[in-house]
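S.K.: prediction below, plus the sequence it came from.
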Amino acid sequence: MSDWVLFTESSPNVGGQELQLMQQMRLLGERGFRPVLACRPQTRVMEEACRRGLEVLPLRFRNSLHLPSILALSAWMRRHRPRLAICHSGHDSNNLAIAARLTGRGRPFLLRSRTYQPGQASAWSYNQLMDATMLPSAYLKRCLLENPAIRADKLHVVYPGIDFDALDQAAALPLPPELEQWLSRSAGPLLVQAAMLRGEKGHRTVLAALGLLKNKWPDARYVIAGEGPEQQVIAELARQLGLQHRVLLAGVVSPVAALLARADLVLMPSSYEPLGMSQIEALGLSVPVIASDTGGIPETMRHGETGVLAPPGDAAAWAEAIDQALSQLAMMKAWAQAGRVDVRSRFAPEQNLRRILELGGLNAPGL
């Protein structure tokens, strides 16, 4: 029986999705499988996979119907007979689906990972193209099933796996010197948000809330980790609100876990999140969290038990939530401790891998 598991990824860059699949490949290898990643050559994805000692199959994936990639995938599958193939939402999923059907009898089980749904969902792609699609939240599954033509039995909630051991190690590392220097200039509650600087991430809501609180909490500091198109808008709004000396746009912070661990509160004010990761990582580090009551976020934390949920876009409600949290930090820390136990159980990498193997009809020792 074949022990090969094929992964495909047509994205050239390394983000959360790509790091997740590489973690899955490592865990599979530790359990006796032989994972291989089909990806574009001379990309960050291939470089990172090779750096981690993972086996790669270079393919161009130039479009959704790239004949050389399809033929190469089909030939590889005929030779190695993998029982499971895991793809994502780009060109690679279409190429893989066609290649698998050209392979003939004994093709692998096709499992697609879908982390969000841009635009109208196509029933055909979910019902026919793939054998199953794994989704990061029940919320996203409900969104997809708003199209009554999509079969519910084709959609499966598989929470992502977070390497909490690596998170602990990263949290203990020093911050970048410039950030450490900024933090050392003043004392006061530290609020942290780690997210792309985009409108739906809710930075403006937090700034407006801090504007309402600046007399009661004059020493509160807000560090924004991330980059994106809203950078100038956020900086200008902070200036208009008189918060420019208490708000730092820190850019990409690496390791971000070291910043999360320093926070009194981690904020997740998004207006849209299929699941969200920052709040899970913060709770995994026992850091108190205030997050938006939207999307898949409520699946990751319980209001009044492991954190605080606030309505997205409501600056007054966020001001009240921040005020109450800073006034009752001992209670918030107790909730964060409960959140640590919860997320480290539900979002463990082993749980993620177990669900994937179950869907693919495979078994692995130790899971």
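M.R.: Happy to help now that I have it.
S.K.: other SSEs contacting the longest helix seen in the chain?
M.R.: Ordering each helix of the chain by length in residues (DSSP state H) puts helix 329-346 first. With contacts defined as 3 or more CB pairs under 8 Å, 6 or more residues apart in numbering; DSSP states H and E, helix 329-346 has these neighbours: helix 278-284. All C-beta atoms are positioned from the backbone trio N, CA, C, and that covers glycine.
S.K.: ok, residues contacting the helix it packs on?
M.R.: 162, 164, 167, 193-195, 257, 260, 263, 266, 268, 288-289, 291, 297, 300-301, 306-307, 336, 339-340, 342-344, 347 (CB atoms under 8 Å, 6 or more residues apart in numbering).
S.K.: repeat the analysis, applying 7 Å as the threshold.
M.R.: 162, 164, 167, 194-195, 257, 260, 266, 268, 289, 291, 297, 300-301, 306-307, 336, 339-340, 343-344, 347 (CB atoms under 7 Å, 6 or more residues apart in numbering).
S.K.: tell me how this protein divides into domains.
M.R.: Domain ranges of the chain: 4-161+348-360, 165-346, per automatic domain parsing.
S.K.: returning to that earlier point: in the longest helix of the chain, what's buried?
M.R.: For helix 329-346, the neighbour count (16 or more other CB atoms under 10 Å) marks 332, 335-336, 338-340, 342-343 as buried.
S.K.: send me that helix as PDB with only the CA atoms.
M.R.: Taking Å, rounded to 0.1, in the frame of the first residue of the first chain, the C-alpha atoms of helix 329-346 are listed here in PDB:
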ATOM      1  CA  LEU A 329      -6.900  42.700  34.200                       C
ATOM      2  CA  ALA A 330      -6.800  40.000  36.900                       C
ATOM      3  CA  MET A 331     -10.100  38.600  35.700                       C
ATOM      4  CA  MET A 332      -9.000  38.900  32.000                       C
ATOM      5  CA  LYS A 333      -5.800  37.000  32.800                       C
ATOM      6  CA  ALA A 334      -7.800  34.200  34.500                       C
ATOM      7  CA  TRP A 335     -10.000  34.000  31.400                       C
ATOM      8  CA  ALA A 336      -6.800  33.900  29.200                       C
ATOM      9  CA  GLN A 337      -5.500  30.900  31.300                       C
ATOM     10  CA  ALA A 338      -8.800  29.100  30.600                       C
ATOM     11  CA  GLY A 339      -8.400  30.000  26.900                       C
ATOM     12  CA  ARG A 340      -4.900  28.600  26.900                       C
ATOM     13  CA  VAL A 341      -6.100  25.200  28.000                       C
ATOM     14  CA  ASP A 342      -9.000  25.300  25.400                       C
ATOM     15  CA  VAL A 343      -7.100  26.400  22.300                       C
ATOM     16  CA  ARG A 344      -4.100  24.200  23.000                       C
ATOM     17  CA  SER A 345      -6.500  21.200  23.000                       C
ATOM     18  CA  ARG A 346      -8.700  22.100  20.000                       C
END
